[in-house]
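Undergrad: what's the 3D shape of this:
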Amino acid sequence: MSADPSIIYTLTDEAPALATRSLLPIIEAFARAAGVRVETRDISLAGRVLANFNEWLTDEQKTPDALAELGELAKTPQANIIKLPNISASVPQLKATIAELQAQGYALPEFPDDPETDEEQDIRARYNKVMGSAVNPVLREGNSDRRAPAAVKKYAAANPHSMGAWSSDTKSHVSTMSSGDFRHNEQSVTMAAADTVRIEFTGPDGTEVLKEVPVLAGEVVDSTFMSKAALQTFLSEQVAEARDQGVLFSLHMKATMMKVSDPIIFGHGVRSYFPEMFDEFGAALDEADANPNNGLGNVVASLDEVDADTRAAVEAAIQAAYDRGPGLAMVNSDRGITNLHVPSDVIIDASMPAMIRTSGMMWNAVGELQETKAVIPDSSYADLYVETFNHCREHGAFDPTTMGTVPNVGLMAQKAEEYGSHDKTYEVAAAGTMSVVGSDGTVLMSHDVEAGDIWRACQVKDAPVQDWVKLAVSRARATGWPAIFWLDETRAHDAQLITKVNQYLGDHETDGLDIRIMNVADASKFSLERARNGENTISVTGNVLRDYNTDLFPILELGTSAKMLSIVPLMNGGGLFETGAGGSAPKHVQQFEQENHLRWDSLGEFLALGVSFEHLAEVNDNQVAAMLAETLDLATEQVLLNRKSPSRKVNELDNRGSHFYLAMYWAQAMADQDSDADLAAKFAPLAAALAENEQTIVDELNAVQGQAMDIGGYYAPNEALASAAMRPSETLNGIIDGFSG
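TA: Just a heads-up that it's a prediction; the model follows:
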């Protein structure tokens, strides 16, 4: 890294990474001509895997740990990082990445499902580092300010996306646990002084220290568990109820971000739908290394390892379960991919808003929408979706032309809350007691647990809470909108935070501001009602609700969460600028591979780049960067107003064409600005060349579409092939690459 980097642009995965190969040369050319440096860092899943196994690689293959490097940078005032969506890997995704890299000549070890030797334990620990939410907790040394830019909101109102019609008598509904889950078993304490606490398990063989955890004064520490017995009973009841009601069964989890707990819960969901199959063939499936935690797809794939008779019998048992019902919600009806096939296919943040947008229904096996039971086992945040279902059932679908906006201020700095629980989550091996114990032997929290229960501990440091309250007050003052802290005094963790919020609000001038504390259900009702009336409300939430809210409301308002502006003011003065959600990225890549058409919309990248330039200008008193930011905003608005966003259909404008128009409008705005005549003169020839060659460039970009594309890999594509595929216009490439200002 340079001694004084200007902007770091991250290289990630799937559709955003493909788009980067088209957009980044444009960004670099504009920035270079204006004296601003842009650097890149590879934090893709493949890159993170390689960085953790350098001892296995040749000297030419060794890969720097860019994520660790950026994690340190994020703690400095110099940080200016543009972070694109990355894969939060499930086990199936990780195994596919490993296989792809091995096929490319990287001598990576196999992923050990059940590590036994010390070497296997070490390999598994290395792979665990890159699974789930491995990137965001490292980079997020600040809290989240996420909102719809005015130009985007205005465009969405003038060009509304489609919304499915809700019926007041729909049988679709949300089901969640009423006892035995993380929400109801939670305990929480605020540390009076810094300490090193111990996580202990006391069982048949005595007491074992599982982990020692340093904690700071004022830090909130939680512990809780999901009862296996309660979960199994709940899931079995939901399967039976869905069958009796004639609705689809769907399971909505966060099995990538919550990489330890939620895959286990997902596995119980698979078992609950196929109980007879697992009762009869469980031993054979275990021997074949079938793992329902990785989805039904993993179980089916494991049948390659059993004899023909067993395979036929298991397949018959699967079909019998389908025949008994209920129907399963489908990810891909044409291919027979159900809601239970792959944990990473159905991530609650994206799947629930999509369901709500399409009238509360999901797709069935014959490709038709059908009423659905949405099963969300842990009740901690399920009320958001319960209340949204109730609201739409009563009032109908939202109208994007009139509805208000619900931006978010999210507590996420320094691995706050559940996203910091991965290294403190355990599937209990035997009946006993899980405890959090202070260094003086004081038992701070304790739970009696049974074999198979899922126990976890979480932390929230005090400094991020102070910063969160400060950011909420700042946004409330800047907008004049109500700011609602989504906290429930009857939940152990939230009760601790409420005390802190009330204390730290006293540090700010809040006269004239509407700042309130509400539980999830009441906050949801309040925000939904105001949105329907065209009024705006700031949601101030913890880390998981930040994810949920910043997908749900934007998808209802804008049709996508990728068009949100996501700013992370880092606590030490730097800036992290995130570019929107990547939940639809796999489908975009599939279409690209089949038709050479990439419909990924880089609007989020445009927005993030603009505020990154603004931050650079402010921190370094760089007026050129300020001009780049101002003109980029004008160009982005022109992309929207002139309908130059990517089409979903092949042989029409796609991501690459959208980037061309951004470049043309941006160059024109730079040439037309009157604050810096020399800078305008630099960009005038570029603006003219792009405008004069508009039709030629668009024709070249569209002409390559309609054919299958092979770029040498999904997780680790061949760089030459991928870059060539994403830059197919020789005319555009010549103009951009030849521009130096």
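
Undergrad: Now name the helix or strand holding Phe249.
TA: Taking DSSP states H and E as the definition, Phe249 sits inside strand 248-251.

Undergrad: repeat for Val540
TA: strand 538-541.

Undergrad: that older thread, tell me the gap between the strand holding Phe249 and the middle of its chain.
TA: Here strand 248-251 is found 22 Å from its chain centre; the criterion is CA atoms, centre = their mean, to the nearest Å.

Undergrad: Other residues contacting it?
TA: Contacts of strand 248-251 with the rest of the structure, by CB atoms under 8 Å, 6 or more residues apart in numbering, involve 238-239, 242-243, 266, 269, 273, 326-329, 339-340, 346, 351, 355, 362, 364, 370-375, 377. Quick note: C-beta positions are derived from backbone N, CA and C, even for glycine.

Undergrad: In terms of helix, strand or coil, where does Ser645 fall?
TA: At Ser645 the chain is in coil, as set by DSSP: H, G, I helix; E, B strand; the rest coil.

Undergrad: Report the separation between it and Glu14.
TA: 19 Å (CB to CB, to the nearest Å).

Undergrad: The strand holding Phe249: what's the following helix or strand?
TA: Moving toward the C-terminus from strand 248-251, the next helix or strand (DSSP H and E) is helix 261-273.

Undergrad: Strand partners (parallel or antiparallel) of the strand holding Val540?
TA: In the sheet, strand 538-541 lines up against strand 408-410 (parallel), strand 483-486 (parallel) (DSSP bridges).

Undergrad: The residue nearest to Val152 when sequence neighbours are not counted: how many residues sit nearby?
TA: Among residues not flanking Val152 along the chain, Lys563 sits closest, at 4.9 Å (CB to CB, 6 or more residues apart in numbering). Per other CB atoms under 10 Å, the neighbour tally for Lys563 reads 25.

Undergrad: So what does Lys563 have for phi and psi?
TA: Main-chain torsions, Lys563, degrees, to the nearest 10: phi -100, psi 10.

Undergrad: just Asn533 next, same as before
TA: Per-residue torsions, Asn533: phi -90, psi 10 (degrees, to the nearest 10).

Undergrad: you'd agree it is up against Gly404?
TA: Yes. Between Asn533 and Gly404 there is a contact under CB atoms under 8 Å: 6.9 Å.

Undergrad: which one of these two has more residues nearby?
TA: The residue with more neighbours, out of Asn533 and Gly404, is Gly404; 20 against 10, by other CB under 10 Å.

Undergrad: That one sits in which helix or strand?
TA: Secondary structure (DSSP H and E) places Gly404 outside all helices and strands.

Undergrad: number of nearby residues for Val197?
TA: Counted with other CB under 10 Å, residues neighbouring Val197 total 25.

Undergrad: Pull up the pairing partners for the host helix or strand of it, direction included.
TA: Assigned by DSSP H and E, Val197 belongs to strand 195-203. Here strand 195-203 has these sheet partners by DSSP bridges: strand 206-215 (antiparallel), strand 432-437 (antiparallel).

Undergrad: Identify the residues contacting it?
TA: Counting by CB under 8 Å, 6+ apart, 207-215, 221, 424, 426, 428-439, 444, 457 sit against strand 195-203.

Undergrad: And for stretch 705-721?
TA: In contact with stretch 705-721 (CB under 8 Å, 6+ apart) are residues 13-14, 17-18, 44-46, 87, 93, 96-97, 100-101, 104, 589, 592-597, 650-651, 654, 722, 725.

Undergrad: just stretch 551-561 next, same as before
TA: The contact list for stretch 551-561 (CB under 8 Å, 6+ apart) reads 148, 152-153, 156, 161-163, 349-350, 352-354, 356-357, 384-385, 388, 398, 400, 403, 405-406, 408, 527, 531, 539, 550, 563-564, 580-581, 583-584, 601.

Undergrad: Tell me which of these fall in helices.
TA: Mapping the contacts of stretch 551-561 onto helices (DSSP state H) picks out 152-153, 156, 349-350, 352-354, 356-357, 384-385, 388, 527, 531, 550.

Undergrad: which of the residues you listed are buried?
TA: Neighbour-count burial (16 or more other CB atoms under 10 Å) applied to those gives 152-153, 156, 349-350, 352-353, 356-357, 384-385, 388, 527, 531, 550.

Undergrad: Mind telling me the two of these farthest from one another?
TA: Greatest spatial distance among these (CB to CB): Val152 and Tyr385, at 24.4 Å.

Undergrad: Can I get the strand holding Val197 in CSV, CA atoms only?
TA: C-alpha atoms of strand 195-203 as CSV (Å, rounded to 0.1, in the frame of the first residue of the first chain):
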residue,chain,number,x,y,z
ASP,A,195,-11.6,-8.0,32.5
THR,A,196,-10.9,-11.3,30.8
VAL,A,197,-14.0,-13.5,31.1
ARG,A,198,-14.1,-17.2,30.6
ILE,A,199,-16.7,-19.2,28.7
GLU,A,200,-17.0,-22.5,30.6
PHE,A,201,-18.9,-25.7,30.1
THR,A,202,-19.6,-27.9,33.1
GLY,A,203,-20.7,-31.4,32.1
